[in-house]
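*Asks:* only geometry, no sequence info:
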DNA sequence: GTCTATAAGATGATAGAC
DNA sequence: GTCTATCATCTTATAGAC
């Protein structure tokens, strides 16, 4: 062993020019949680990797779980605020000419904007979101607590754009849309391999161009219905 | 402390009528990994909960990670086999009258069948699948390794059903479909809360009825396209 | 605000008895 | 095949000095 430190994921020595310990811990936790998941990282690793003392995790956040919640909340709040603004602005601009495409555009544009232009912190946040959304134990509850109020606003507009749709159909439609969206934003690289390079996880402009017509047509197809052979 | 054991998630004392240690460990690992994720469970916990000695994890599987792979592979192989059979049978029956709905039906019918009729082990497997699918580090790679060959067969059929679609569109369409499918099968309960009980995660016949027209219309909408305002 | 020291216990993996 | 005992290390969290 010749390295000066023995930490598993290395230590970044803290310089006086760095951000505050609080922000440093948030950023570092975001990075490590995104890659390894909540249980795949220890609070000590986060502190070590941030170049900060381990006791400061407790000092700033109380415990590891509250650190995770703080990471999640920081950007979720921004998304929620911008989505509400975008949905209201679209509703005001479209008037009675509201379209499904327009509603979905307003709903996903903020997340695509931040994923493209927000830097690596935002990408990591979306990777965390995908994991939370797909975890039964605290995922359903956490996602709902943070995002459901804005989803209700989206469903309100979709009710106008698709008057023939029942609420049950709209909620199922949203459910399928969010599965596609969180997976897409997590950029796992699977589609790159599957498509032999024809599609790229990180190509968000193309994702946007594909996502809106897919989801909008999906909502309409839902309303038209389909009679399967019974399962 | 009055309980005879002190294990965090309890011990199930092993009786001579139980299945072999190998199967017991697989079933128990499946249950715990589904709920808490790979890093959220220790190999010791799996063994304790199975009523089996901790050293047997190493004896049977080599290490904790290989135990996880064994859990995942056990049912993935069954799904793959049945999906291939279903896709081939549908292609043979439909001939040139192949429809997008029919292809998607054939692709998802096996998983819905097992989720509805296969007992809790299958539900747990799908919960694990959703987590793997949405994890960047090993998710993209693992999902691809297990499932991509069958996905290629699906895309082959969709090429016939949708001759106007480019491969790039078909792969994006599959990508969005799989996000919706893995989230749906993981039954996180989020849609139950969001919809105030109008929709239920565990209502798979309704999911099936909604999923096929949504995804099929999505694929068609993808081909028709849509010109967004630039991001 | 930041650090050291430490408590009290769990971890994955192994060696080797039976 | 199954078990005990053990290694070397890591864990969350706290108390209290500076």
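*Replies:* Sure, I can see it. Computed from a predicted structure; not experimentally measured.

*Asks:* alpha carbons only for contacts and neighbour counts from here, please
*Replies:* OK.

*Asks:* Span of stretch A:221-231 from start to end?
*Replies:* Its start and end residues considered, stretch A:221-231 measures 20 Å (C-alpha to C-alpha, to the nearest Å).

*Asks:* my bad, should have said stretch A:42-60
*Replies:* The first-to-last residue distance of stretch A:42-60 comes to 16 Å (C-alpha to C-alpha).

*Asks:* Please see if that stretch touches DNA strand D.
*Replies:* Yes: Stretch A:42-60 comes into contact with DNA strand D (C-alpha under 7 Å from any atom of the strand), by way of A:42-45, A:54-55, A:58.

*Asks:* In PyMOL, how would I select the buried members of those?
*Replies:* To isolate the buried ones among these in PyMOL, judged by 16 or more other C-alpha atoms under 10 Å in any protein chain shown, type:
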select buried, chain A and resi 43+44+45+54
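
*Asks:* So which of the residues of stretch A:42-60 next to DNA strand D belong to helices?
*Replies:* Counting by DSSP state H, the part of those found in helices is A:43-45, A:55, A:58.

*Asks:* Quick one: these as TSV, columns for pLDDT too.
*Replies:* What follows is those, written out as TSV (pLDDT from 0 to 100):
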residue	pLDDT
A:43	95
A:44	95
A:45	94
A:55	94
A:58	94
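
*Asks:* what subset of the residues you listed is also close to DNA strand C?
*Replies:* Among these, DNA strand C is touched by residue A:55 when using C-alpha under 7 Å from any atom of the strand.

*Asks:* Select, from the ones in helices among the residues of stretch A:42-60 next to DNA strand D, the two members most distant in space.
*Replies:* A:45 and A:58 (13.5 Å; C-alpha to C-alpha).

*Asks:* What are the phi and psi values at the residue in chain A that DNA strand D sits nearest to?
*Replies:* Minimum separation of chain A from DNA strand D (C-alpha to the nearest atom of the strand) falls at residue A:42, amounting to 3.2 Å. Note on residue A:42: its backbone torsions stand at phi -100, psi 160 [degrees, to the nearest 10].

*Asks:* which helix is the longest one in chain A?
*Replies:* Secondary structure of chain A per DSSP H: the longest helix is helix A:64-94.

*Asks:* Could you tell me the angle between whichever helix or strand comes after it and helix A:64-94?
*Replies:* Downstream of helix A:64-94, the first helix or strand assigned by DSSP states H and E is helix A:100-117. Following axes from the mean of the first three to the mean of the last three C-alpha atoms, to 10 degrees, one obtains 130 degrees for the angle between helix A:100-117 and helix A:64-94.

*Asks:* Buried residues in helix A:100-117, which are they?
*Replies:* Quick answer for helix A:100-117 (16+ other C-alpha under 10 Å): A:100-112, A:114-116.

*Asks:* who does that helix touch, helix- and strand-wise?
*Replies:* helix A:64-94, helix A:120-133, helix A:136-161, helix A:204-224 (3 or more C-alpha pairs under 8 Å, 6 or more residues apart in numbering or on different chains; DSSP states H and E).

*Asks:* could you redo the last one with a cut-off of 10 Å?
*Replies:* Using 3 or more C-alpha pairs under 10 Å, 6 or more residues apart in numbering or on different chains; DSSP states H and E as the contact test, the elements touching helix A:100-117 are helix A:64-94, helix A:120-133, helix A:136-161, helix A:167-186, helix A:204-224.

*Asks:* what would those helices look like in a markdown table with mean neighbour count?
*Replies:* Compiled in a markdown table, these are given as follows (neighbours: other C-alpha atoms under 10 Å in any protein chain shown):
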| stretch | mean neighbour count |
| --- | --- |
| helix A:64-94 | 16 |
| helix A:120-133 | 24 |
| helix A:136-161 | 18 |
| helix A:167-186 | 23 |
| helix A:204-224 | 23 |
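
*Asks:* Fine by me, thanks again.
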